[in-house]
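Student: what follows is a predicted structure for the sequence shown.
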Amino acid sequence: MTMADVDSRGGPRRPDGGPVRVLVVDDEPTLAELLAMALRYEGWEVRSAPDGLSAVRVARDFRADAVVLDVMLPDIDGLEVLRRLRAESPDVPVLFLTARDSVEDRIAGLTAGGDDYVVKPFSLEELVARLRGLMRRASRSQRRSGSRMAVGDLVMDEESREVRRDGTPISLTAKEFELLRYLMRNPRRVLSKAQILDRVWNYDFGGQANVVELYVSYLRKKIDAGRNPMIHTMRGAGYVLRPGE
């Protein structure tokens with residue numbers, strides 16, 4: 001099937017407004033590239049991994065919103081990859097992709113925690129539709145679970161706009177809250193100043209990049225003062241929020 005056959009209908013977005021992130025794990029380069037092209041055509045951000053161990057590493061940095069995971073991989077199998085992914089991201093939707101079509105294999109994959117199962121050969125339209133369905137269900141589930149986010153001992157309630165670290169309330173201005181919310185929605189992910197400006201300020205302040213440095217310093221005084229630091233500067237790259245160690 002050609003890319004012209006893929007229906008681009010505009011996809012869901014991440015809570016921070018960015019494109020949905022999908023990790024494709026398959027050891028067949030041609031198939032992996034075809035999948036990546038189809039998903040990018042949907043407007044999603046895609047990363048690929050050719051084996052299980054690299055998939056686990058990529059997933060840790062990429063923080064995917066969904067994973068397309070081949071069961072048969074050259075090192076560890078997809079079920080073990082799933083186990084490791086779920087240890088760090090319990091709620092990420094996983095769509096198994098495999099040549100195995102027996103009922104026993106499907107049950108094994110779903111019992112292990114997979115959310116859906118597509119058998120090779122498959123239709124790209126079907127795969128994209130199934131991914132959309134998985135992400136819609138995951139989004140509804142997240143909404144039902146409330147507005148609370150936590151990174152280490154730092155907790156934010158988006159509805160009440162309350163922030164606590166180790167149980168201690170932290171008072172933030174509106175812009176400090178938005179900056180922290182963006183950092184907490186992307187834990188362990190290095191965010192550039194340009195990304196932060198785009199998502200938090202939308203460039204409506206005149207384009208002064210040092211405003212990010214200024215507000216990060218404000219946050220550090222409130223979040224990190226007297227505690228193990230959570231907000232880290234990655235020289236030449238940006239900022240990252242990690243649980244205090």
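Tutor: In hand now; what should we look at?

Student: at which residues are the strands of the protein located?
Tutor: 21-25, 45-49, 66-70, 94-98, 116-119, 148-151, 154-157, 162-165, 168-170, 231-234, 238-241 (DSSP state E).

Student: redo the ones you listed as a markdown table? Include distance to residue 88.
Tutor: Backbone N, C-alpha and C define where each C-beta goes, glycine included. Output for the strands of the chain, formatted as a markdown table (distance: least, Cβ to Cβ, whole Å):
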| stretch | distance to residue 88 |
| --- | --- |
| strand 21-25 | 13 |
| strand 45-49 | 15 |
| strand 66-70 | 12 |
| strand 94-98 | 13 |
| strand 116-119 | 20 |
| strand 148-151 | 13 |
| strand 154-157 | 17 |
| strand 162-165 | 22 |
| strand 168-170 | 26 |
| strand 231-234 | 19 |
| strand 238-241 | 16 |
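
Student: looking at the ones you listed, which has the lowest confidence?
Tutor: In terms of mean pLDDT, the lowest-scoring of the strands of the chain is strand 116-119 (a mean of 83).

Student: hmm, residue 241 is touching residue 185, no?
Tutor: No - using Cβ atoms under 8 Å, residue 241 is not in contact with residue 185; the gap is 9.4 Å.

Student: what sits against residue 195?
Tutor: residue 238 (Cβ atoms under 8 Å, 6 or more residues apart in numbering).

Student: between residue 241 and residue 185, which is the more surrounded one?
Tutor: residue 241 (24 against 20; other Cβ atoms under 10 Å).

Student: pLDDT value on residue 90, please?
Tutor: 73.

Student: tally of neighbours for it?
Tutor: For residue 90, using other Cβ under 10 Å, the count is 8.

Student: any low-confidence regions in this protein?
Tutor: By pLDDT under 70, the low-scoring segments of the chain are 1-17, 100-112, 138-146, 202-209, 245.

Student: find the nearest non-adjacent residue to residue 88, please.
Tutor: Spatial nearest neighbour of residue 88, chain neighbours left out: residue 60 (6.5 Å); criterion: Cβ to Cβ, 6 or more residues apart in numbering.

Student: before we move on, what about residue 25?
Tutor: residue 55 (4.3 Å).

Student: ok, now which ones touch the one you found?
Tutor: Residue 55 touches 23, 25, 49, 67, 69, 73, 81, 85, counting by Cβ under 8 Å, 6+ apart.

Student: and it, how far from residue 164?
Tutor: Taking Cβ to Cβ, to the nearest Å as the measure, residue 55 falls 35 Å from residue 164.

Student: do residue 231 as well
Tutor: From residue 231 over to residue 164 (counting by Cβ to Cβ), the distance is 16 Å.

Student: residue 44 too?
Tutor: 34 Å.

Student: try residue 76
Tutor: 39 Å.

Student: residues near residue 212, how many?
Tutor: Residues near residue 212, counting by other Cβ under 10 Å: 21.

Student: measure the residue nearest to it when sequence neighbours are not counted to residue 82 for me?
Tutor: Excluding the flanking residues, the one nearest residue 212 by Cβ to Cβ, 6+ apart is residue 193, at 4.7 Å. For residue 193, the distance to residue 82 equals 35 Å [Cβ to Cβ].

Student: let me see the ranges of the helices in this structure.
Tutor: 29-41, 52-62, 78-88, 103-111, 124-144, 174-185, 193-196, 210-223 (DSSP state H).

Student: to residue 150, which of the ones you listed lies closest?
Tutor: helix 174-185 (8.2 Å; Cβ to Cβ).

Student: contacts for that closest one?
Tutor: By Cβ under 8 Å, 6+ apart, helix 174-185 touches 14-16, 149, 151, 154, 156, 158, 161, 163, 172, 191, 196, 199-201, 215-216, 218-219, 222-223, 231, 239, 241.
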